[in-house]
Each structure stands twice: as C-alpha cells, then as structure tokens.
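Enquirer: Model the following, please.
(one chain, ligands or ions: 1)
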Amino acid sequence: MTLAVCPGSFDPITLGHLDVVRRAADMFDRVIVGVARNTSKSYLFTDEERVDLARAATAHLGAVDVQLVPGLLAQFCKDAGANAIVKGLRGGADVDAEQPMALMNRHISGVETVFVLGDPALAHVASSLVKDVARYGGDVLDLVPEGVAHALPTALRRATAGIARPDSPRSPGVTA
Ligand code: PNS
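Expert: As a prediction, the model looks like this:
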C-alpha cells in the first residue's frame with residue numbers, strides 16, 4: 001500500500017489545497033493531510049481548529065486522513081511509513097520556497113517530495129489572501145470549503161479584538 005503525506009499550514013485549508021489532496025489521492029492508496037507548523041508564520045486558527053477544518057473539508061474523500069504534525073515533518077513521514085510527500089505548485093515562487101524544504105526532508109528522511117501542478121483556475125488561491133479578502137468583508141465562498149467560510153468571521157473577530165486563542169492564553173491570534 002502506498003502512502004503520501006500532504007503537509008502544510010492549512011491556516012485555513014482552501015480549495016487549492018483540496019485540489020492537491022485529490023490529485024495525491026488519485027496517485028496513492030492513502031493520503032495523510034499533515035497539519036504542521038511553519039515557524040516563519042503566525043496562525044489565525046489554532047492547531048486543533050486547522051485540523052478540524054481540514055478534517056471536515058476532506059471527510060468525503062475516502063482514503064484521506066488528517067493528522068497534526070507535532071514536530072519535524074521528515075520524522076512524521078518516517079514514523080508513518082510514507083512513500084512520498086506531495087505538495088502543489090502554483091508558480092515559480094512556490095518552486096523557490098519548496099525546493100530547500102524538499103531537499104532538507106529528503107536529506108533527513110530519504111522521503112522524496114512529489115510536486116503536482118494544481119488547477120490553474122485556483123492558482124491565485126492562497127490562505128493569506130483568503131484571510132485578507134475575508135478580513136475586509138469580501139466573499140470567499142468560492143475559494144474555501146463551506147466550513148472554513150463560516151469559521152473565518154469568528155476567527156478574524158477574535159484576532160481583531162485581541163482575544164486570546166484557546167491555545168495561547170497570552171497572545172492573540174495574529175495572521176501572517
Ligand atoms: O503551508 P506551508 O506553511 O508552506 O507549509 C510549510 C510546512 C508547515 C509544511 C513546513 O514549515 C514544515 O514542514 N513544518 C514542520 C516542521 C519541519 O519539519 N520543518 C523543517 C522543514 S524542511
């Protein structure tokens with residue numbers, strides 16, 4: 001049985017992410033969506049919220065499971081027995097960002113990263129832009145799964161009001 005891990009911040013999961021997960025599920029017997037932490041980003045949603053939103057968005061995909069990656073992605077992939085990491089590319093900037101991570105993950109674990117080109121119709125869909133559109137009252141229903149569209153206003157209000165997220169009592173949720 002072949003297993004792929006689709007890692008990312010998923011803050012929050014978008015239709016672009018889902019497109020990549022679907023493509024991975026077409027190529028591998030099983031897919032784990034790995035909700036991980038990128039130390040260069042601050043998150044709007046808590047770890048648990050990011051996992052829950054990704055779980056709801058992928059519930060209809062039979063061979064797809066969502067898990068929190070608590071530390072190093074390479075170690076998570078080794079422990080899970082993954083055959084590959086699958087990531088989506090929207091353009092050249094993604095290649096530049098992904099190349100060092102793919103090489104580092106292979107160096108640590110021997111696990112290769114397989115890149116798939118997402119649907120060009122979704123090439124503009126990035127979590128950061130979605131949050132910005134939602135923050136200023138724009139419609140995001142055709143950019144994210146329904147559950148995410150409903151969760152965004154509350155999370156944005158929490159961040160704007162400086163209300164601490166459930167997982168970080170001292171600091172409010174701030175988006176990158
Ligand atoms: O969606 P993102 O933010 O581009 O995803 C990047 C992510 C979260 C996959 C990456 O930062 C990651 O793998 N984090 C887990 C910790 C880790 O393994 N860091 C070393 C990466 S080479």
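Enquirer: What separation do you get for the residue nearest the centre of the chain and the ligand?
Expert: Central residue of the chain (Cα atoms, centre = their mean): Phe10, 2.6 Å from the mean position. In this view, Phe10 and the ligand are 7 Å apart by Cβ to the nearest ligand atom, to the nearest Å. Yep, even glycine has a C-beta here, placed from its N, CA and C like the rest.
Enquirer: For burial, what's the neighbour tally of Phe76?
Expert: By the criterion of other Cβ atoms under 10 Å, Phe76 has 22 neighbours.
Enquirer: Helix or strand: which one has it?
Expert: Using DSSP states H and E, Phe76 falls within helix 73-80.
Enquirer: Can you measure across stretch 131-148, start residue to end residue?
Expert: End-to-end distance of stretch 131-148 (Cα to Cα, to the nearest Å): 10 Å.
Enquirer: hang on, I meant stretch 107-127
Expert: End-to-end distance for stretch 107-127, by Cα to Cα: 28 Å.
Enquirer: Show me what that stretch is in contact with.
Expert: 4, 9-16, 19-20, 23-24, 27, 72, 74-75, 77-78, 82-91, 95, 98, 101-102, 105-106, 143 (Cβ atoms under 8 Å, 6 or more residues apart in numbering).
Enquirer: circling back: what does the average pLDDT come to for the helix holding Phe76?
Expert: Computed over helix 73-80, the mean pLDDT rounds to 98.
Enquirer: which stretches of the protein form strands?
Expert: 3-8, 30-35, 64-68, 84-89, 112-117 (DSSP state E).
Enquirer: what does the first one contact?
Expert: In this case it means strand 3-8. Residues contacting strand 3-8 (Cβ under 8 Å, 6+ apart): 17, 20-21, 24, 27-36, 69, 73, 76-77, 80-87, 114.
Enquirer: just the residues of this structure that are near the ligand, which are they?
Expert: Residues of the chain found near the ligand (Cβ under 6 Å from any ligand atom) are 7-9, 36-38, 41, 69, 72-74, 101, 104-105.
Enquirer: Of all pairs in the residues you listed, which one is the farthest apart?
Expert: Spatially, the most separated pair among these is Lys41 and Ala74, at 18.8 Å (Cβ to Cβ).
Enquirer: So for those two, which sits in the more crowded spot?
Expert: Just comparing Lys41 and Ala74: by other Cβ under 10 Å the higher neighbour count belongs to Ala74, 19 against 14.
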